[in-house]
Structure formats: C-alpha cells, structure tokens
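Chemist: Give me a model of this one.
(one chain, ligands or ions: 1)
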Amino acid sequence: MKVLLVFAHPEPRSLNGALRDVAVKELESQGYEVRVSDLYADGWKSEVDRADFPSLDPQARLIPVAASKTAFDADTLTEDVKAEIGKLLWADILILQFPLWWFSMPAILKGWVDRVFAYGFAYGVGEHSDRRWGDRYGEGTLAGKRAMLIVTAGGWEEHYTPRGVNGPIDDLLFPINHGILYYPGYDVLPPFVVYKVDRFDASGFETAAEGLRERMRTLATTPPIPYRRQNGGDYLIPGMTLRPGLGDQEMSGFALHVNTEA
Ligand code: FAD
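Modeler: Numbering: from 1, shown residues only. Take a look at the predicted model:
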C-alpha cells in the first residue's frame, strides 16, 4: 500500500513536523511505501493565476475553470501540478496534515488543492445532464482510495464539541472532508485531531504520538465516515436535495449528509 502525506507547516522542528515523523515512521514500519509533499520546503506556489496555463493565449481572458479543463485535457498543466496529480494517482491513501489556522487549512494547502484538483481530474468528471450531475461525492477519479486529515489545534477539545463556542470540529472540517476529499471520490476516514497543543509538554506529545501511531496502524481498516453518495438514490435529481423522509426531519446542515443508519 502506498501513502501520500501532504504536509503544510513552515517549520520542520514544529510539533507538526514531529508528528509527521511519527506517522511516516509508523507507516514504514507497517510496510507502507510513503511519499511526502512538503509544501513550504518545496516552495509550493499557492495562487491560481495565468502562469498555471502556459498554453493559454496571452490575450485571452483567463477563465480559471475553462483554462483548467483545457490544460488538463491537453496535458499542458505546469510540471509541479502534474507531479502532484501523479502522486495522487500513485497513492492508495492520501493524508493532509496541517495546523488549524483560522478554523481551516493554511493558505498554502488550500492553494495546493486549488491548483492540483483540476477540472477533468477532481471535478467535472462523468456525465452532466438532467439525469446525472457527474461522478462526485463518493464517485470520481479517486474513488476506491482513502483519505484522512491530521490536524493540530490550539483550542480545547471541549471548544469544538456540539455546544462548544468554536462549533463542532466535524462541521469545521466538513468543507475539507466532504467538499474536497469525498467530492472526487475518496473514502474519508475520521480525522486525527490533537487539541490544546500550544501548551504541550513531553507527556502530551507522547499521548498524541501513540494515538497517531494507532491510527496509522489501522489506516486500511478504519471505517470511513458514512457520507451519503450523490448517485446512490438519496438525492433528488437535478436539485440534489436530500429525499424527503431521509435523515432526521429536525436536522439541517452538514450532518444531514452523513448516513447515521449506515
Ligand atoms: P508548535 O508551535 O511547533 O508546538 C506547539 C507546542 O508543542 C509547543 O509548546 C512545543 O514546545 C510543543 N512541542 C513541539 N514539538 C514537540 C515535541 N517533539 N515534543 C514535545 N512537545 C513538542 N487554533 C485553533 O484552535 N483554532 C484556530 O482557528 C486557530 N487559528 C490559528 C491561526 C494562526 C494564523 C495561527 C498561527 C495559529 C492558530 N491556531 C488556532 C493555533 C494553531 O492551531 C496551533 O498554534 C498549531 O496547531 C500548533 O501546531 P505547531 O506544529 O505550529 O506547534
């Protein structure tokens, strides 16, 4: 089995750097082949701009969606993006690791997604018609592979519970887990989140490291989050709303898209 770990922290001697080393060591000891994309160390370009589409007519108006599709189809995306796409196709499992910054991922990692998840590769895949809205949310190019997040947060675990002031962690991570990973087909595992990290001591670190080792040992067997499949019959087409009668009628928001009866 092959794992790609995409790492987004500017300091290799950080807590995130130490946890990355723990994860990689454990995976390798389990016989996994591991590759790391270290975005800061690699000087990853995070913004989408005209330089991403070298075959675009310099006079033409830049329409990012259309330019992405044309460049992906013609294999004229830039070499750094093509290399990351190649790694995603190579890996059976994708791990994104980052510190929670302003309730989301650092900009460099968002920029990796923006540039690498190209039209025709991660979106715009499959039939789009009145009968079908493409292969996405459980289907798509990356279907059959697994993905998970490793996240560190300064806030306390209680702050991220359903009644916590920051909002539930599953809601905060939903746009990444569902919108970025499940969308192109990944089976998404529950995230590994370490809380209250700014006050970490050696014993806190060892507890977190052991939890992370355990998650790495169970990467292939941990059940994924049971998100509803877009084309599995749960949604009305073409409006893509959840069928009446499904889900708790009192419920709204992100939780509706997790099939708790699964
Ligand atoms: P580091 O700063 O490297 O280390 C954290 C602690 O762990 C330190 O005490 C360090 O001594 C200790 N440590 C590091 N390595 C080891 C080791 N090997 N062994 C033992 N101890 C070790 N938090 C939130 O909860 N929500 C937010 O929205 C949020 N937004 C933020 C936005 C920004 C711009 C920034 C800078 C921070 C934000 N934070 C937020 C806090 C952030 O999530 C944490 O600072 C981050 O997760 C810490 O990870 P790190 O790798 O940078 O830790």
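
Chemist: Does stretch 152-166 reach the ligand?
Modeler: Yes: using CB under 6 Å from any ligand atom, stretch 152-166 reaches the ligand at 152-155. Quick note: C-beta positions are derived from backbone N, CA and C, even for glycine.

Chemist: what two of those are the furthest from one another?
Modeler: T152 and G155 (10.3 Å; CB to CB).

Chemist: what's the overlap in contacts for the two?
Modeler: Common neighbours of T152 and G155 (criterion: CB atoms under 8 Å, 6 or more residues apart in numbering): L100.

Chemist: Those two - which one has more neighbours?
Modeler: Just comparing T152 and G155: by other CB atoms under 10 Å the higher neighbour count belongs to T152, 22 against 17.

Chemist: dump the residue contacts of the more buried one.
Modeler: Shown in contact with T152 (CB under 8 Å, 6+ apart): 15-16, 19, 98-100, 193-194, 197.

Chemist: near the ligand, which of those show up?
Modeler: On the criterion CB under 6 Å from any ligand atom, 15-16, 99-100, 197 are the entries of those that sit beside the ligand.

Chemist: Buried subset of those residues as a PyMOL selection?
Modeler: Those of the ones next to the ligand among the contacts of T152 that count as buried under 16 or more other CB atoms under 10 Å are selected in PyMOL with:
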select buried, resi 15+16+99+100+197
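
Chemist: Cross the ones next to the ligand among the contacts of T152 against strands and list the overlap.
Modeler: P99 (DSSP state E).

Chemist: And the furthest pair within the ones next to the ligand among the contacts of T152?
Modeler: Taking every pair in those and measuring CB to CB, the maximum separation is 12.2 Å, between L15 and L100.

Chemist: Next, count neighbours for G17.
Modeler: G17 has 16 neighbours, counted by other CB under 10 Å.

Chemist: Just the pLDDT for it.
Modeler: G17 is assigned a predicted lDDT (pLDDT) of 98.

Chemist: So it sits against H9, correct?
Modeler: Yes: using CB atoms under 8 Å, G17 is in contact with H9, at 6.2 Å.
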